[in-house]
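**Q** my questions concern the predicted model and sequence given below.
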Amino acid sequence: MTKAKKKVLVVSQYFWPENFRVNELVLELQKRGFDVDVLTSIPNYPSGKVFPEYLEQPKKFEDYFGVKVYRVPQISRRSNLLSLLLNYISFVVSACVYCILNIRHRKYDLIFGVQLSPIFSMLPAILCKKLIGAPLYFWVLDIWPDSVASGGIKNAWIIYPLKKLCKYIYSSADILFLSSRGFESKIKEMGVSNQNIVYFPQWIEADYLGEVELGTKEDDEVKALISEWKNKVIFTFTGNIGDAQDFPSMIKGVKKSLHVNELVILLVGDGRYKGELIKNIKAEGLEKTIILLGHYPPRYMPLFYYYSHYLLISLKDIPIFAHTLPGKVQSYMSSGRPLVGMINGEAKQVINEAGCGLVAPSGNHVLFASILDRCCKIGENERQELGKLGQSYAYKNFRLESLVNRIIGYF
């Protein structure tokens, strides 16, 4: 008699065609023999506008390579704080209503919640647990309420009840899979009554594995774009352009560098801080040194890495960031390029363990400037050696297959 597949319900506000690692995780679980469904929202991240292709053919997005996708309505993020708050609330309400009307009539062996920001997005997963009695696991990718406090919200009338809510949400899970080791101390500080804590970091995404595809249309595009700076030492930053990335300190470091005329900083991405960043760059007269290239699809990233000498990472000097291992560290390391930046805690520890880069403490623009100067003097052979060390470390510690092997024993 054939053993029935275990049914897994993944709850995540963000999912394909939005670009998040949960997409790969779902397919890997399916590959391992699990029957996976996904409860998610209408795609609108990061632009804040519903994807045009979804509007044209919404039915097309109900199946992801054989995985059933159940989507609930939500208010789009748009570009203002009120819309963002309404986006968060509307997903929770819509998903909870969907669970009451539909999920309670289905059988699942476990519920897997993908906890990004906001943490409230896990309330529908908790409701599912209560309705069907299945065990609940959370993959914690962003620790709350520290994430809110890091954004400048200090009001005790907000933080105190939020701490209580976060403790309740984390305590509702049977197992917490933590993407950063540093999250464990924060969970324990909160008094979370959960003894089952498992380290489950983010992995190298499929787009970044293997050889870079040269000779493609995308390659021609990136190569032509970057050729403008072929005589410069190229430092590339990719990802969110936000307040957390501490661009003011980066600008100060670049300004102080003795080799500022020999280098270029390329910023590939978009975010809420972009307008302010452009003003700051102009104010310092660095328009020819720090270049914003805008947003590109994920498939372009390995090419930007390939044509760069160094990859940049930076986060503000805020305690919570010291406990965080940003997913881009794994992707950067897998490219075979050295890492450079200003960052504390777990990310700095991983880079130093791998021996694959030069890192100043968060906010230390003086040391960052000296690192830039040193990078401009390093020869090609030494750069390649640093990059190889990072790639070797990443392939050993951050492959999807081996990380999933670590967790499916709990399923």
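**A** Great, that's in hand.

**Q** C-alpha from now on. contacts and neighbour counts both.
**A** OK.

**Q** geometric centre of this protein: which residue is closest?
**A** Gly327 (4.8 Å; C-alpha atoms, centre = their mean).

**Q** nearest spatial neighbour of it, skipping sequence neighbours?
**A** Spatial nearest neighbour of Gly327, chain neighbours left out: Gln202 (5.7 Å); criterion: C-alpha to C-alpha, 6 or more residues apart in numbering.

**Q** do you know how far the one you found is from Asn44?
**A** Separation of Gln202 from Asn44 (C-alpha to C-alpha, to the nearest Å): 23 Å.

**Q** follow-up on the earlier one: just give me the neighbour total for the residue nearest to Gly327.
**A** The tally of other residues near Gln202 (other C-alpha atoms under 10 Å) stands at 23.

**Q** contacting residues for it?
**A** Listed by C-alpha atoms under 8 Å, 6 or more residues apart in numbering, the contact partners of Gln202 are 21, 179, 327, 330, 398.

**Q** please enumerate the strands of the stretch 301-411 of the chain.
**A** 310-314, 339-342, 357-360 (DSSP state E, counting those that start in this stretch).

**Q** which stretch among those is buried most, on average?
**A** Here the criterion is mean neighbour count by mean count of other C-alpha atoms under 10 Å, and of those the winner is strand 339-342, at a mean of 26.

**Q** mind giving me the packing neighbours of it?
**A** Under the contact criterion of 3 or more C-alpha pairs under 8 Å, 6 or more residues apart in numbering; DSSP states H and E, strand 339-342 touches strand 310-314, strand 357-360, helix 365-377.

**Q** and it, how far from the chain's centre?
**A** When C-alpha coordinates are averaged (C-alpha atoms, centre = their mean, to the nearest Å), strand 339-342 and its chain have centres 17 Å apart.

**Q** using PDB, write out the CA atom coordinates for it.
**A** What follows is strand 339-342, C-alpha atoms only, in PDB (Å, rounded to 0.1, in the frame of the first residue of the first chain):
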ATOM      1  CA  LEU A 339      32.600  41.300   0.100                       C
ATOM      2  CA  VAL A 340      33.200  44.800   1.500                       C
ATOM      3  CA  GLY A 341      31.100  46.800   3.900                       C
ATOM      4  CA  MET A 342      30.100  48.200   7.200                       C
END
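
**Q** what strands line up against that strand, and which way round?
**A** Strands adjacent to strand 339-342 in the sheet, as given by DSSP bridges, are strand 310-314 (parallel), strand 357-360 (parallel).

**Q** give me the contacts around stretch 16-28.
**A** Looking at what lies outside stretch 16-28 - C-alpha under 8 Å, 6+ apart - the contacts are 10, 14-15, 36, 43-46, 64-65, 67, 114, 202, 205-206, 298, 400-401, 404.

**Q** quick one: mean pLDDT over that stretch.
**A** The average pLDDT for stretch 16-28 rounds to 94.

**Q** for stretch 192-207, same thing?
**A** For stretch 192-207, mean pLDDT rounds to 85.

**Q** could you number the chain from 22 rather than 1 from now on?
**A** Sounds good: first residue 22 from here, last item stretch 213-228.

**Q** CA atoms only: put that stretch into PDB for me.
**A** In PDB, the C-alpha atoms belonging to stretch 213-228 read as follows (Å, rounded to 0.1, in the frame of the first residue of the first chain):
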ATOM      1  CA  VAL A 213       8.600  32.800  24.500                       C
ATOM      2  CA  SER A 214       7.400  29.400  25.800                       C
ATOM      3  CA  ASN A 215       8.900  27.400  23.000                       C
ATOM      4  CA  GLN A 216      11.700  25.000  23.500                       C
ATOM      5  CA  ASN A 217      11.900  23.800  19.900                       C
ATOM      6  CA  ILE A 218      14.200  26.200  18.100                       C
ATOM      7  CA  VAL A 219      16.100  25.100  14.900                       C
ATOM      8  CA  TYR A 220      18.700  27.100  12.900                       C
ATOM      9  CA  PHE A 221      17.500  27.300   9.300                       C
ATOM     10  CA  PRO A 222      19.400  30.100   7.400                       C
ATOM     11  CA  GLN A 223      18.500  31.400   4.000                       C
ATOM     12  CA  TRP A 224      20.300  29.700   1.200                       C
ATOM     13  CA  ILE A 225      22.000  30.600  -2.100                       C
ATOM     14  CA  GLU A 226      19.100  31.100  -4.500                       C
ATOM     15  CA  ALA A 227      19.100  29.000  -7.700                       C
ATOM     16  CA  ASP A 228      19.900  32.000  -9.900                       C
END
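
**Q** buried sites along that stretch?
**A** 213, 218-226 (16 or more other C-alpha atoms under 10 Å).

**Q** return the member of these nearest to Leu324.
**A** Glu226 (14.4 Å; C-alpha to C-alpha).

**Q** OK, contacts around the closest residue to Leu284 other than its chain neighbours?
**A** In space, not counting the residues next to it along the chain, Leu284 is nearest to Val254; the distance is 4.5 Å by C-alpha to C-alpha, 6+ apart. By C-alpha under 8 Å, 6+ apart, Val254 lies in contact with 283-285, 329-330, 397.

**Q** just the CA atoms of the helix or strand where Leu144 lies, as CSV, please.
**A** Per DSSP states H and E: Leu144 is located in helix 144-153. Below are the C-alpha coordinates for helix 144-153, written out as CSV (Å, rounded to 0.1, in the frame of the first residue of the first chain):
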residue,chain,number,x,y,z
LEU,A,144,-2.1,35.3,12.7
PRO,A,145,-4.0,33.5,9.9
ALA,A,146,-1.5,30.6,10.3
ILE,A,147,-2.3,30.5,14.0
LEU,A,148,-6.0,30.5,13.2
CYS,A,149,-5.5,27.5,10.9
LYS,A,150,-3.8,25.6,13.7
LYS,A,151,-6.8,26.2,15.9
LEU,A,152,-9.3,25.3,13.2
ILE,A,153,-7.7,22.0,12.0
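
**Q** who does the helix or strand following it pair up with?
**A** Following helix 144-153 in sequence order, the next helix or strand is strand 157-161 (DSSP H and E). Each strand paired with strand 157-161, and its direction, by DSSP bridges: strand 131-136 (parallel), strand 196-199 (parallel).

**Q** got the angle for strand 157-161 vs helix 144-153?
**A** 170 degrees (axes from the mean of the first three to the mean of the last three C-alpha atoms, to 10 degrees).

**Q** can you check which of the strands of the stretch 322-432 of the chain gets nearest to Leu105?
**A** That would be strand 331-335 among these, by C-alpha to C-alpha, at 24.7 Å.

**Q** I'd like the distance from the closest one to the chain centre, please.
**A** Offset of strand 331-335 from its chain centre (C-alpha atoms, centre = their mean): 15 Å.
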